[in-house]
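# structure for the following, please:
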Amino acid sequence: MTGVKFPELDQLERIIDQLGARAQVDVVTQIQYYDIEFPIYCISVGTTELDAPVLGFFGGVHGLEKIGSEVILSYLQTVAQLLDWDREFLNRLERMRLVFVPIVNPVGVYLGTRSNGNGVDLMRNSPAEGSGKRRLYSGHRISARLPWYRGNKVAMELEAQALCSVVERHLFNSHLSIALDLHSGFGVRDRLWFPYASKKTPFTFIAETLSLKERYDRCYPHHIYTIEPTCKEYVINGDLWDYLFDEFVEQFGSDRLFLPFTLEMGSWIWLRKNPMHLFLKHGLFHPILPHRQQRILRRHFMLFDFLQRSLLYSEQWTKLDQQQRQLNINKALRLWYE
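Numbers count the residues shown, from 1 in each chain. Have a look, this model is predicted:
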């Protein structure tokens, strides 16, 4: 990477050096772009017990939405500092694991493009097929010159395969895991989306998801998130998390619990305050002004902490009896699917 200006990757490698032996670091794969090789790093902190609860952070799937990578890097820097002195945090990590893939699409983040170096939208790249009306933004295989190109049917892109391999290795092996994939650009609200994006069908763990939502609502009644299935806003083809979730259910049924969330940061509010930012390269998906960027880099830490504690103390929202499960399903159907 000598001579290549890539601030996000440079920051990540500095944090890796700072973590030292306190973290497990893997290069999941290398992405070739002309004469440059970009690594995709996976960093894990905490217990190495496979069955321990896991919280996974993923960013930069869409390179133009680099704020997702920057939020994860900001939090990873905080984690590196907490490891120096916070005994409660160290005790927490003896019972769970945090997994980070801050830059899933390094070529996209480097170039400032939504797609990877092959022109493929990674979040349209899986074999999962959407139901209902097909629109261009739903994902297509017409041409890589058009946005939302899915790629070919033969194999997923290396970046998508890397994300899947990390999820299968770290999250599928756990009895309880949550994935958080950070994006930006949709609306003026921050949204927490869960499956499905490909169909308007309640997914397997809808009862547990509602329990987790209600716990968050009670703990933080003034929180900033709209929590809903992705399909409430749009239906797409090739969603990686739909694909991974269906693979998980096929392998494990309901014996284990895996909740993939997408944190969609509402970037339109940044544009509403400064419409001229629309004409800047990152203006539609990224807070341009320094004070807004700093606010976003710390905005979601409370959510990250809540998810960790909910994984460690999960009985009330995961161990539902038959009556409570059915009650939650009925409430979820009224809330999200009517």
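# contacts and neighbour counts: CA atoms only from here.
Will do.
# with only the CA atoms kept, save the helix or strand bottoming out on mean pLDDT in the chain in PDB.
Across the helices and strands of the chain, mean pLDDT, DSSP states H and E gives its lowest value to helix 268-273, namely a mean of 79. This file holds the C-alpha atoms of helix 268-273, laid out as PDB (Å, rounded to 0.1, in the frame of the first residue of the first chain):
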ATOM      1  CA  TRP A 268     -30.900  13.400   4.100                       C
ATOM      2  CA  ILE A 269     -30.900  15.400   7.300                       C
ATOM      3  CA  TRP A 270     -27.300  16.500   6.600                       C
ATOM      4  CA  LEU A 271     -28.400  17.600   3.100                       C
ATOM      5  CA  ARG A 272     -31.500  19.400   4.400                       C
ATOM      6  CA  LYS A 273     -29.200  21.700   6.400                       C
END
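# so what does that helix touch, helix or strand wise?
Using 3 or more CA pairs under 8 Å, 6 or more residues apart in numbering; DSSP states H and E as the contact definition, helix 268-273 packs against no other helix or strand.
# for it, buried residues please.
268-271 (16 or more other CA atoms under 10 Å).
# looking at those, which one is closest to residue 202?
Nearest to residue 202 among those is residue 268, at 28.2 Å by CA to CA.
# picking up where we left off before, contacts for the least confident helix or strand of the chain, please.
185-189, 277-278, 283-287 (CA atoms under 8 Å, 6 or more residues apart in numbering).
# all helices for the stretch 101-250 of the chain, in order.
Along the stretch 101-250 of the chain, counting by DSSP state H, counting those that start in this stretch, helices occupy 106-111, 158-166, 206-219, 240-252.
# part of a strand, is residue 55?
Yes. Looking at residue 55 with DSSP: H, G, I helix; E, B strand; the rest coil, it is inside a strand.
# just give me the neighbour total for it.
Neighbours of residue 55 under the rule other CA atoms under 10 Å: 23.
# can you say which of the helices of the stretch 101-250 of the chain is packed in most?
Comparing the helices of the stretch 101-250 of the chain by mean neighbour count (mean count of other CA atoms under 10 Å), helix 106-111 ranks first with a mean of 24.
# now it: mean pLDDT?
Averaging pLDDT along helix 106-111 gives 98.
# check stretch 6-26 too.
For stretch 6-26, mean pLDDT is 98.
# so what touches it?
With contact meaning CA under 8 Å, 6+ apart, stretch 6-26 is reached by 41-46, 69-70, 73, 76-77, 80, 102-103, 110.
# in it, what counts as buried?
8-9, 12, 15-16, 19, 23, 25.
# can I get the buried residues of helix 268-273 in TSV including distance to residue 140?
What follows is those, written out as TSV (distance: CA to CA, whole Å):
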residue	distance to residue 140
268	26
269	29
270	30
271	28
